[in-house]
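Trainee: pasting the sequence and the predicted coordinates here, then a few questions.
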Amino acid sequence: MGRFFALILILALAAGLFVAGLKQQWWPVPRHWNPFLPLHLEDPVTPVTRWKLRRLGDEPEACLAALRTAPEGSLDYLPLEGYTPVESCPLTNVVRVRSSQVGFNNSFVARCPLVAAWSLYERNLLQPLARARFGQPVAEVWHYGTFACRNIYHRQDDRRSDHATASALDVAALSLRDGTRISVRRHWDDEGDKGAFLHEAFDGACQFFGTALGPDYNAAHADHFHFGLRGFGICR
């Protein structure tokens with residue numbers, strides 16, 4: 001129901017802007033509320049943000065332009081030409097991520113919109129949650145990668161996984177600045193701060209990723225969070 005009203009709000013706002021005219025409107029519409037203006041990663045998050053994110057999948061240059069709006073020093077990446085690392089799994093609109101506000105156990109190749117979504121998630125949700133609960137930021141993220149040329153659950157006759165296009169990141173653990181490690185496998189059911197933090201970080205991911213899957217979804221996700229582009233705010 002909440003997503004329905006958010007969609008109505010976006011459509012109503014878009015209709016109002018169309019009628020008024022972007023250049024001759026009577027009052028300025030903030031960039032983060034204007035669906036016709038490009039995504040800026042440092043802008044506040046609104047219901048329009050997800051719509052702007054989804055648009056980037058078909059607009060590689062616009063996506064790279066969005067990445068360039070990340071606050072200075074908060075995103076270290078290298079744009080890549082499209083290529084085919086494995087037959088039948090070509091990669092397009094991709095970048096190699098070396099670090100963001102956090103370090104990673106390994107650099108990774110990902111679809112550009114996934115990197116934009118991660119940057120928004122990290123800046124607006126993950127780090128504020130860590131500071132509020134532990135008084136310090138997340139310093140490092142341990143992941144299982146983004147790319148695997150396969151169908152979902154390796155089923156021969158099923159659809160391709162988001163990983164086949166590097167459109168999903170599997171997060172296994174996070175380390176705080178003081179070295180404290182928080183593991184999805186070990187701490188998801190923890191009744192203290194670590195478990196609460198993981199649940200908050202997972203639940204909030206629905207604002208930024210098309211699909212978020214975790215330990216409560218099935219046994220295949222018992223040790224990581226799957227953050228993918230496909231879908232529209234699915235959290236399981």
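Mentor: Everything's here; your move. Every value quoted in this text rests on a predicted model; they were computed, and no experiment measured them.

Trainee: can you show me the strands along the protein?
Mentor: 76-79, 83-86, 89-91, 94-99, 103-111, 138-145, 168-176, 181-183, 211-213, 225-228, 234-235 (DSSP state E).

Trainee: okay if I get those as TSV plus mean neighbour count, distance to residue 52 and mean pLDDT?
Mentor: Yep, even glycine has a C-beta here, placed from its N, CA and C like the rest. Output for the strands of the chain, formatted as TSV (neighbours: other CB atoms under 10 Å; distance: least, CB to CB, whole Å; pLDDT from 0 to 100):
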stretch	mean neighbour count	distance to residue 52	mean pLDDT
strand 76-79	15	19	97
strand 83-86	11	27	92
strand 89-91	18	23	93
strand 94-99	19	18	97
strand 103-111	18	15	97
strand 138-145	18	24	97
strand 168-176	22	20	98
strand 181-183	17	30	98
strand 211-213	24	18	94
strand 225-228	24	18	96
strand 234-235	16	19	76
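
Trainee: could I get those as a markdown table with distance to residue 37?
Mentor: Written out in a markdown table, the entries for the strands of the chain read as follows (distance: least, CB to CB, whole Å):
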| stretch | distance to residue 37 |
| --- | --- |
| strand 76-79 | 22 |
| strand 83-86 | 32 |
| strand 89-91 | 29 |
| strand 94-99 | 22 |
| strand 103-111 | 22 |
| strand 138-145 | 30 |
| strand 168-176 | 27 |
| strand 181-183 | 37 |
| strand 211-213 | 26 |
| strand 225-228 | 26 |
| strand 234-235 | 27 |
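
Trainee: looking at the ones you listed, which is closest to residue 65?
Mentor: With respect to residue 65, and counting by CB to CB, the nearest of the strands of the chain is strand 76-79 at 11.0 Å.

Trainee: strand partners of the closest one, parallel vs antiparallel please.
Mentor: Strand partners for strand 76-79, identified by DSSP bridges, are recorded as strand 94-99 (antiparallel).

Trainee: let me know the angle separating the strand it pairs with from strand 103-111.
Mentor: Going by axes from the mean of the first three to the mean of the last three CA atoms, to 10 degrees, strand 94-99 is angled at 170 degrees with respect to strand 103-111.

Trainee: what residues does strand 94-99 touch?
Mentor: Around strand 94-99, the neighbours that count as contacts under CB atoms under 8 Å, 6 or more residues apart in numbering are 64, 67, 75-80, 82, 104, 107-112, 115, 118, 166.

Trainee: ok, now with 6 Å
Mentor: Under the criterion CB atoms under 6 Å, 6 or more residues apart in numbering, residues 76-80, 107-109, 111-112, 115, 166 lie in contact with strand 94-99.

Trainee: kindly report the same for stretch 32-44.
Mentor: Contact with stretch 32-44 is made by 14, 22, 31, 46, 48, 51-52, 66, 69-71, 119, as judged by CB under 6 Å, 6+ apart.

Trainee: just curious, which of those is nearest to residue 199?
Mentor: Sorting the contacts of stretch 32-44 by distance to residue 199 puts residue 119 at the head of the list, at 22.2 Å, by CB to CB.

Trainee: got the contact list for that closest one?
Mentor: By CB under 6 Å, 6+ apart, the residues touching residue 119 are 41, 70, 75.
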